[in-house]
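In: Quick one, what's the 3D model for this:
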Amino acid sequence: MRSIVPDYLTDVLAEVESNTQGELAGYIPELAAADPGRLGAVFATVDGEVYGAGDVDAEFTIQSISKPFVYALALSDRGFAPVLAKVGVEPSGEAFNGISVERETGRPRNPMINAGAITTHSVAGAEGLPPTERVEPVVRGLSAFAGRELTVDETVCASEMESAHRNLAVAHMLRSYGILTEDPRAAVDGYIRQCSVLVTTRDLAVMAATWANRGVNPRTGRRMLLEAVRRLTLDGHDVYLVDPESMIPDPRPGDGGRVTVVRDVEQVLGAPPEGWENGS
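Out: The predicted model follows:
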């Protein structure tokens, strides 16, 4: 029997397609030139079925959607204690790019704000790995979540790095507290490369369905997360809050995606309009 899900997704997209609210991510020049008309939605189940409608195979950079995935990779690579010593798990109530750190320690309050995400990137991969070699295992990990090899959009990466003044300032502050122990510019460059990984709506659906499927990619069968890591990242994601006013018109990353995980059941992903404001 043919599934009704594709028709349902098509109807949903038809209802919202005329909505032109929001703005392109003007703080990243390359994203400011993105096509705002792209729109897609994918529904992935824990048994590996993937349904989609719209621009489901159009590539766009992952931006801030990478944050919880790389946080999970860092916890898996280094263990809980080393990561939690560097990044907290408390809501900040501030903008995603706010300077939100603990007053005495300088520890970022959570991994969803940029200060925490930059720090999380710095502890991903094997201990002692040079910053220039860290991007490869991060991209490899994101690729394993997606079930296919992903690549970095060098054009977006270069554009974002040119305007990364605030992230660089945050990284220098983290270095002054000893939270970062490496060159701040190298840490930001790695983080921006992480955000510049190209994905499709279909990729993101499978990536988050891996969370719903108790840490196992439902398409490849590969275990990506131990249950303890999955529980912390999935349960904790709800409290990694930022100031809602900073996320108007919608709590989306720089390229406009949104991910929703229904525990143990399925994952739903809505993709751009590409380049909508808010993100890394």
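In: correct me, but N167 touches N114?
Out: Yes: counting by C-beta atoms under 8 Å, N114 is a contact partner of N167 at 5.9 Å. Every C-beta, even on glycine, is put in place using the N, C-alpha and C of the backbone.
In: between those two, who's got more neighbours?
Out: Ranked by neighbour count (other C-beta atoms under 10 Å), N167 and N114 place N114 first, with 28 against 25.
In: residues contacting the nearest residue to that one once chain neighbours are set aside?
Out: Closest residue to N114 in three dimensions, ignoring its sequence neighbours and counting by C-beta to C-beta, 6 or more residues apart in numbering: N97, at 4.9 Å. Taking C-beta atoms under 8 Å, 6 or more residues apart in numbering as the criterion, N97 is in contact with I113, N114, R166, N167, V170, S246.
In: Reformat these as a markdown table; add distance to A205, secondary structure and pLDDT.
Out: Output for the contacts of N97, formatted as a markdown table (distance: C-beta to C-beta, whole Å; DSSP: H, G, I helix; E, B strand; the rest coil; pLDDT from 0 to 100):
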| residue | distance to A205 | secondary structure | pLDDT |
| --- | --- | --- | --- |
| I113 | 25 | coil | 91 |
| N114 | 25 | helix | 94 |
| R166 | 31 | helix | 94 |
| N167 | 28 | helix | 95 |
| V170 | 31 | helix | 95 |
| S246 | 26 | helix | 42 |
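In: any chance of the residues you listed in JSON lines, plus distance to D57?
Out: As requested, the contacts of N97 are arranged in JSON lines below (distance: C-beta to C-beta, whole Å):
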{"residue": "I113", "distance to D57": "31"}
{"residue": "N114", "distance to D57": "29"}
{"residue": "R166", "distance to D57": "33"}
{"residue": "N167", "distance to D57": "30"}
{"residue": "V170", "distance to D57": "34"}
{"residue": "S246", "distance to D57": "31"}
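In: Break down the stretch 151-280 of the chain into its helices, ranges please.
Out: Applying DSSP state H, counting those that start in this stretch to the stretch 151-280 of the chain gives helices spanning 154-162, 165-177, 184-195, 201-212, 227-237.
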